[in-house]
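Engineer: make a model of this:
(one chain, ligands or ions: 1)
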Amino acid sequence: MQSMNQWQADEYDNKLAFVSGYGKSLISWLQPQEGEYILDLGCGTGDLTYEISVAQAEVVGMDASPDMIRRAREKFPDIEFVEGDGHQFETSKLYDAVFSNAALHWMRSPRLVVDSIWKSLKPGGRFVAEFGGKGNVQIIVDALEEVFEQHTGIRGSERNPWYFPTIGQYSNILEQCGFLVRQAYHYDRPTRLADGEQGIEGWLAHFGGDYFEGLNRERIQEICRETSQIVVPKLWKEDAIYADYKRLRIEAVKPEN
Ligand code: BEZ
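Structural biologist: Numbering: from 1, shown residues only. Next up is the predicted model:
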C-alpha cells in the first residue's frame, strides 16, 4: 500500500504538474551556464532540476521530503538529490546560484533560509526564486479558515503554514543579509485546477494537511466540502476552477565584495 507521502509524490507528478510547468519560465531568469554549480532548493520530484541540468550545469536538488527525493532519484538517476531543510543547510562547495520554485512559502522563518542561501553562495553568486506572494490563494484561505473555525473553535490562522510576503518585506530580508536585489515582480497567476468542481477538495487534500492535523476523516471531508461550496462560485471560470495564485519572483546577487 502507498504511504500518504508517496501518494503526494504521485499527485505532484500528475494533477499538480503545473507547479513545475509554470516554473520553467523562471529558468530564463536563472540563465544556467555550462559548468556552473547550482542548487535547486525545494526541488520536489526534480523536473526543474533536470531542466537546469540540460544547460550542462552541475545541479543538486534538495528537498525536505524523503518521498519527493526518492521519486526524484528514480526519475533522474544521473542527478544528485539530497534531503535537506532550507532553514539550515550547509555545503562544502559554494554554489554559483541557488534556484527555488514554489517552495519558499513553506519555510516560515525566511531569515534563516536567506542566511543559509547567503552562506552557500560564492561571492557574485545569484539567488533566483519564485513562490507565493502577498495575497496568494487568499480566497481559498479565507474560506478554509472560516469553515475550520466553525467546526473546531480554533482560529484558522493559527494553523496557517504559509509565508506570502510583499516585495518590500522579502527584499528587506535579503538586503539585511547583504544581498543586492536586482529584480522583483509580484503578479497574478490564476491557476487552473484539475477535477472540475472537485478541484478545491483535491487541492486542500494535497496542500491543507497542517489545518487538518488531529481531525477525523469525516470532519476533514466536511470542512473541504463546505470550503469548496464557498470558493467554487468565486473562482469558477468557463470550464474549471482557477485558483487565485499570486507569485513573487525575485533575483538577488551576493556582491563580490
Ligand atoms: C503555491 O504554490 O502558491 C502554494 C502551494 C500550496 C499551498 C499554498 C500555495
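Engineer: enumerate the residues of the stretch 1-150 of the chain near the ligand.
Structural biologist: Within the stretch 1-150 of the chain, the positions near the ligand by Cβ under 6 Å from any ligand atom are Ala102, His105, Gly132, Asn136, Val137. All C-beta atoms are positioned from the backbone trio N, CA, C, and that covers glycine.
Engineer: just these: which are in strands?
Structural biologist: Mapping those onto strands (DSSP state E) picks out Gly132.
Engineer: nearest to the ligand, of the residues of the stretch 1-150 of the chain next to the ligand?
Structural biologist: Gly132 (3.5 Å; Cβ to the nearest ligand atom).
Engineer: so what's that closest one up against?
Structural biologist: Ala102, His105, Trp162, Tyr163, Phe164, Tyr245, Lys246, Arg247, Leu248 (Cβ atoms under 8 Å, 6 or more residues apart in numbering).
Engineer: backbone dihedrals for Glu218, please?
Structural biologist: When quoted as degrees, to the nearest 10, the phi and psi of Glu218 stand at phi -60, psi -40.
Engineer: now do it, the pLDDT please.
Structural biologist: Looking at Glu218, its pLDDT is 97.
Engineer: please apply the same query to His206.
Structural biologist: pLDDT, His206: 89.
Engineer: check Asp10 too.
Structural biologist: For Asp10, the predicted pLDDT is 71.
Engineer: element containing it?
Structural biologist: helix 4-13 (DSSP states H and E).
Engineer: what of Val128?
Structural biologist: Assigned by DSSP H and E, Val128 falls in strand 121-132.
Engineer: Ile241 too?
Structural biologist: In this assignment (DSSP H and E), Ile241 forms part of strand 240-243.
Engineer: can you name the next helix or strand after that strand?
Structural biologist: strand 246-253.
Engineer: tell me the strands beside that following strand, with direction?
Structural biologist: Sheet pairing for strand 246-253, assigned by DSSP bridges, gives strand 121-132 (antiparallel), strand 180-188 (antiparallel).
Engineer: pLDDT on it, on average?
Structural biologist: For strand 246-253, mean pLDDT is 98.
Engineer: next: stretch 58-77.
Structural biologist: 97.
Engineer: contacts for that stretch?
Structural biologist: 3, 5-6, 8-9, 12-13, 32, 35-47, 49-50, 52-53, 79-86, 89, 103.
Engineer: among those, which ones are in strands?
Structural biologist: Using DSSP E, the contacts of stretch 58-77 in strands are Tyr37, Ile38, Leu39, Asp40, Leu41, Glu80, Phe81, Val82, Glu83.
Engineer: which residues touch Lys254?
Structural biologist: Trp118, Leu121, Lys122, Pro123, Gly124, Gly125, Arg126, Phe127, Gly178, Phe179, Leu180 are the contacts of Lys254 under Cβ under 8 Å, 6+ apart.
Engineer: considering the residues you listed, which possesses the most neighbours?
Structural biologist: In terms of neighbours by other Cβ atoms under 10 Å, the contacts of Lys254 top out with Phe127 at 27 neighbours.
Engineer: quick one: stretch 180-194 near the ligand?
Structural biologist: No. Using Cβ under 6 Å from any ligand atom, stretch 180-194 stays clear of the ligand, coming no nearer than 8.1 Å.
Engineer: pLDDT score for the nearest residue to Phe89 once chain neighbours are set aside?
Structural biologist: Ranked by Cβ to Cβ, 6 or more residues apart in numbering and with sequence neighbours excluded, the top spatial neighbour of Phe89 is Ser116, at 5.2 Å. pLDDT recorded at Ser116 is 98.
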